[in-house]
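In: Here is a sequence with its predicted model. Questions after.
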Amino acid sequence: PTQIGIIPTATDIVFSLFVLKMALKSENKQVRDVVIGFVMTLALVDDGIGLGAIGAVFHEGGLALLPLIGLTGGAILLGVLSNKVFKITNHWWYFLLMNMSWFGLYWGGLPPALGFCFIIPTMPHAHNGDTYFGSEEESRPDTLDRWANAWHAQIDLFLFVFAFVNCGITFGELEFGSLFWLLLVSVVIGKPLGILGFVYLGTKVGFRLPVVMTKHHLVVGSFAAGIGLTVMIFITHLAFAGSGMHAFAIQSTAAALVSLIVSGGLALLYG
């Protein structure tokens, strides 16, 4: 919602990636790529479900189905056809479809933050087996990597600006009340326990971790996943947007900031 004045970006994921690379620096490249891929996939799915839930609950007014189906749905369909049928490899064409998807969500009454994410899977890209986010991505000539290389500098710049200018943090108002401790315990202890618990349940029903990924790597990744920042701030500001709720919003901001230090520190120490 525009009245909150926050632009959410997944800086939580950026910090988790940064901490993981430091915590796993003594491991070989294959192990680092697999563990980072596991945590990044978890983070992207987690944020996707979360932002979808936010869009369903906190959208302003009614949903406009025509822009959602015509623009966002149409952009996804065009992306699939462009790749599979017409064999279009020009990354500028897919960038146009990304913006089409973005406007579809915006005019449809949903937060458009995920507008680009719907088109990225439709872009022609090389498959990389069991490794993700590896350095070999930088030299690939496929459409997805050409787009990433063309825009990574601008994306890095705007991530930095959005994270520290538009995320609604006012340091002079920080408070450490009961909600602060509840949220901090939830992300520092609850989130790793939740990840470990569901991985355990997954192994019991037939899923498995990558071969090179041990329980030690899983714990390090779970601590790194407990890092919160702008997404956590965004959600709690939505929850406490009403009058008289400002103190709760400030406590949630403090919890997000401290989780970066505590969860990141635990990942580094255990790693």
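Out: Okay, I see it.
In: Now do the same for residue 138: its pLDDT.
Out: Looking at residue 138, its pLDDT stands at 55.
In: scratch that, residue 223
Out: Here the pLDDT value assigned to residue 223 is 96.
In: Mind telling me what element it is part of?
Out: helix 215-225 (DSSP states H and E).
In: what's downstream of that helix, the next helix or strand?
Out: Next element after helix 215-225 (DSSP H and E): helix 230-239.
In: Next secondary structure element downstream of that next one?
Out: Remark: after helix 230-239, the chain's next helix or strand is helix 246-270, criterion DSSP H and E.
In: For that following helix, the averaged confidence score.
Out: Averaged across helix 246-270, the pLDDT comes to 90.
In: Could you tell me the angle between it and helix 230-239?
Out: 160 degrees (axes from the mean of the first three to the mean of the last three C-alpha atoms, to 10 degrees).
In: Tell me which other helices or strands helix 246-270 touches.
Out: Contacts defined by 3 or more C-beta pairs under 8 Å, 6 or more residues apart in numbering; DSSP states H and E place helix 246-270 against helix 11-23, helix 178-185, helix 215-225, helix 230-239. The way it works is simple: take the backbone N, C-alpha and C, and place the C-beta from them, glycine included.
In: Tabulate the ones you listed (TSV), appending distance to residue 256 and mean neighbour count.
Out: Below are these laid out as TSV (distance: least, C-beta to C-beta, whole Å; neighbours: other C-beta atoms under 10 Å):
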stretch	distance to residue 256	mean neighbour count
helix 11-23	8	21
helix 178-185	8	17
helix 215-225	14	22
helix 230-239	4	22
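In: any idea how far the nearest residue to residue 258 once chain neighbours are set aside lies from residue 200?
Out: Nearest residue to residue 258, sequence neighbours excluded (C-beta to C-beta, 6 or more residues apart in numbering): residue 184, at 5.9 Å. For residue 184, the distance to residue 200 (C-beta to C-beta, to the nearest Å) stands at 24 Å.
In: any weak-confidence spans in the stretch 101-250 of the chain?
Out: For the stretch 101-250 of the chain, the stretches with pLDDT under 70 are 127-140, 162-170, 243.
In: list the buried ones in the helix or strand where residue 104 lies?
Out: Per DSSP H and E, residue 104 falls inside helix 91-108. Buried residues in helix 91-108, counted by 16 or more other C-beta atoms under 10 Å: 91, 93-95, 97-98, 100-105, 107-108.
In: Now that helix - C-alpha only, PDB.
Out: Presented in PDB, the C-alpha positions along helix 91-108 are these (Å, rounded to 0.1, in the frame of the first residue of the first chain):
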ATOM      1  CA  HIS A  91      16.900 -10.200 -23.700                       C
ATOM      2  CA  TRP A  92      15.400  -6.800 -24.400                       C
ATOM      3  CA  TRP A  93      12.200  -8.500 -25.700                       C
ATOM      4  CA  TYR A  94      11.900 -10.400 -22.400                       C
ATOM      5  CA  PHE A  95      12.600  -7.100 -20.500                       C
ATOM      6  CA  LEU A  96       9.600  -5.600 -22.200                       C
ATOM      7  CA  LEU A  97       7.500  -8.600 -21.100                       C
ATOM      8  CA  MET A  98       8.800  -8.100 -17.500                       C
ATOM      9  CA  ASN A  99       7.500  -4.500 -17.500                       C
ATOM     10  CA  MET A 100       4.200  -5.700 -19.000                       C
ATOM     11  CA  SER A 101       3.900  -8.200 -16.200                       C
ATOM     12  CA  TRP A 102       4.800  -5.500 -13.600                       C
ATOM     13  CA  PHE A 103       2.100  -3.100 -14.900                       C
ATOM     14  CA  GLY A 104      -0.500  -5.900 -14.900                       C
ATOM     15  CA  LEU A 105       0.100  -6.500 -11.200                       C
ATOM     16  CA  TYR A 106       0.200  -2.800 -10.400                       C
ATOM     17  CA  TRP A 107      -3.100  -2.000 -12.200                       C
ATOM     18  CA  GLY A 108      -4.600  -5.200 -11.000                       C
END
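In: Thank you, goodbye.
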